[in-house]
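Novice: can't give you the sequence, but here's the structure:
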């Protein structure tokens, strides 16, 4: 108690704290929650500038409305005030997306903060903040800001002028290290646009998806699969899985998470996770692979309810690739060399919906092998491998060259196919695997260059079937005007 | 049925160890009808695949495999292998996360080769 009383006279946000022994105070009736909420909403309304997406929380200590609420009259109200204000702000918005959109800049200037402990929840409410003004506070060193070391990953502008920390020789380097997108620090440019662009570039160039479908089978499968998985797993199982279908899942708990997503555990998955790196015991390995509709149903029934984003409405949140593959077992037993199928790889995210209506967003990578069978559309799922990880966003497959029009990058399902004879690029009796894959390359070359299949094949075969060199060679020849008009497909109006 | 899990284990260990030490050493894993898709630049055949792998724009690379799962992919003994993990290139401190799917096929002489190899970055470096 004595120690608490020693705090009397300290200040928060420019207002003196008055700490009195309990019982001495003449507090009247405590204000109702609804009343407090209404007052906070009004204060936020006055301090929010919609046009500039700015929430100005500077000089809170001299705000007459806050003073009249008695926010700074006791430590307990003072410590609860800022988190409550953030909570009220969050409740103002009916969706997390709108909330994120609404604010790009926050000012906490002139609040005499010695550290961020009382305002730390700002990072939870505004994880995507671009501009943060912390000028005229009293931060002595990086320790005072440490709780925000891994927050605000999109921060571009930071103002800490007027704090002793700004004079520290390590100040600039520390802030550059903490915030990878920081451009302006204390009103001085610390990274140029070029430097930022260079930082963003990955050493491995990101390219669009490879999607080689057969009569829209993969396209229709993907569209229907996740709707079915979200709404009626049983129906989906009966429709396209059979006694030989194999399903397994694994959890990658070490993948990084994007933004400030929650930290829900993997309890509901981990006992089924078949990560062969971690599980070397044969019986455990075998018990974590599920063969046949009945076994798969049992495991799917134990997994949380999910909601995947609509493939067509949100193509940017998905990356879907498809390769035709030969040599699958023929369910009719007629072909000794096997039948063709599709290898489909899907990367995306989903919301997990728990019984208490709590929602957890996760990312996943899922690989399927589809083949002909007795299910819906003459299909069956042979293999289904699901890998789960913390939500990581979809930045990884956003193309670096933003100049490419979105349809090609964002809508893999709508990729145009050049006209080709039926069965071209697909396995068939008497066709070798090499031939099938070469035909697929020809189709791809043709789609990229608009050349006929014949010329595309010539271009590839003279470049050792390397698409990159063939494309380079094509550009050179085209620039030199060496390609005859009949090398190209007729223009469709 | 062959021990597809053991084969997947061995394969993945060998593949990344060789990839990180000397990419040229991967030649023996591919055949002339093997196909590699590395961020959508498909190449077919050992020579084209090797050229692609060795021309990737980094010198040092370290893979850290986080998950590995495998299923038999067909009755002729081929194996579907799915890996997720992180890779660090040159002196970039931040790992990039990837997902890689392989289809391994028996070569008829008691060994396996890579028929499909599909690589994707799923989370960027920051």
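Specialist: Great, that's in hand. Keep in mind that this is a model prediction, so the values were computed, not measured.
Novice: which residue ranges form the strands in chain B?
Specialist: According to DSSP state E, chain B carries its strands in the segments B:30-38, B:43-44, B:61-72, B:79-89, B:96-106, B:112-123.
Novice: okay if I get those as JSON lines plus mean pLDDT, distance to residue A:211 and mean neighbour count?
Specialist: For every residue, glycine as well, the C-beta is placed using N, CA and C. As requested, the strands of chain B are exported to JSON lines (pLDDT from 0 to 100; distance: least, C-beta to C-beta, whole Å; neighbours: other C-beta atoms under 10 Å in any protein chain shown):
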{"stretch": "strand B:30-38", "mean pLDDT": "92", "distance to residue A:211": "11", "mean neighbour count": "21"}
{"stretch": "strand B:43-44", "mean pLDDT": "90", "distance to residue A:211": "17", "mean neighbour count": "25"}
{"stretch": "strand B:61-72", "mean pLDDT": "92", "distance to residue A:211": "23", "mean neighbour count": "21"}
{"stretch": "strand B:79-89", "mean pLDDT": "92", "distance to residue A:211": "19", "mean neighbour count": "24"}
{"stretch": "strand B:96-106", "mean pLDDT": "92", "distance to residue A:211": "15", "mean neighbour count": "23"}
{"stretch": "strand B:112-123", "mean pLDDT": "90", "distance to residue A:211": "12", "mean neighbour count": "23"}
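Novice: Could you export the ones you listed as CSV, including distance to chain A?
Specialist: Output for these, formatted as CSV (distance: least, C-beta to the nearest C-beta, whole Å):
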stretch, distance to chain A
strand B:30-38, 4
strand B:43-44, 5
strand B:61-72, 4
strand B:79-89, 5
strand B:96-106, 4
strand B:112-123, 4
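Novice: Please produce CSV containing those, extended by distance to residue A:296.
Specialist: Shown next, in CSV, are the strands of chain B (distance: least, C-beta to C-beta, whole Å):
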stretch, distance to residue A:296
strand B:30-38, 28
strand B:43-44, 34
strand B:61-72, 12
strand B:79-89, 16
strand B:96-106, 20
strand B:112-123, 24
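Novice: right, and those - which one's nearest residue A:360?
Specialist: strand B:112-123 (17.7 Å; C-beta to C-beta).
Novice: Could you say which helix or strand holds the nearest residue to residue A:318 once chain neighbours are set aside?
Specialist: Leaving aside its chain neighbours, residue A:318 sits nearest to residue A:348 (4.6 Å; criterion: C-beta to C-beta, 6 or more residues apart in numbering or on different chains). Counting by DSSP states H and E, the element that carries residue A:348 is strand A:339-353.
Novice: Name the residues of the helix or strand just after that strand that are buried.
Specialist: Per DSSP H and E, strand A:339-353 leads on to strand A:359-372 as the next helix or strand towards the C-terminus. Buried positions in strand A:359-372, judged by neighbour count with 16 or more other C-beta atoms under 10 Å in any protein chain shown: A:360-372.
Novice: beta partners for residue B:103?
Specialist: residue B:80, residue B:116 (DSSP bridges).
Novice: give the contact list for it.
Specialist: Shown in contact with residue B:103 (C-beta atoms under 8 Å, 6 or more residues apart in numbering or on different chains): A:325, A:343, B:73, B:78-81, B:114-116.
Novice: swap in residue A:341?
Specialist: Residue A:341 touches A:324-326, A:328, A:369-372, A:382, counting by C-beta under 8 Å, 6+ apart.
Novice: one more time with 6 Å
Specialist: A:325, A:328, A:369-371 (C-beta atoms under 6 Å, 6 or more residues apart in numbering or on different chains).
Novice: ok, which of these also contact chain B?
Specialist: A:328, A:369 (C-beta under 6 Å from any C-beta of the partner chain).
Novice: I'd like the contacts of residue A:341 as CSV, with pLDDT appended.
Specialist: Below are these laid out as CSV (pLDDT from 0 to 100):
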residue, pLDDT
A:325, 85
A:328, 77
A:369, 94
A:370, 93
A:371, 91
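Novice: can I get the contacts of residue A:341 in a markdown table with distance to residue A:186?
Specialist: Formatted as a markdown table, the contacts of residue A:341 follow (distance: C-beta to C-beta, whole Å):
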| residue | distance to residue A:186 |
| --- | --- |
| A:325 | 57 |
| A:328 | 63 |
| A:369 | 56 |
| A:370 | 57 |
| A:371 | 62 |
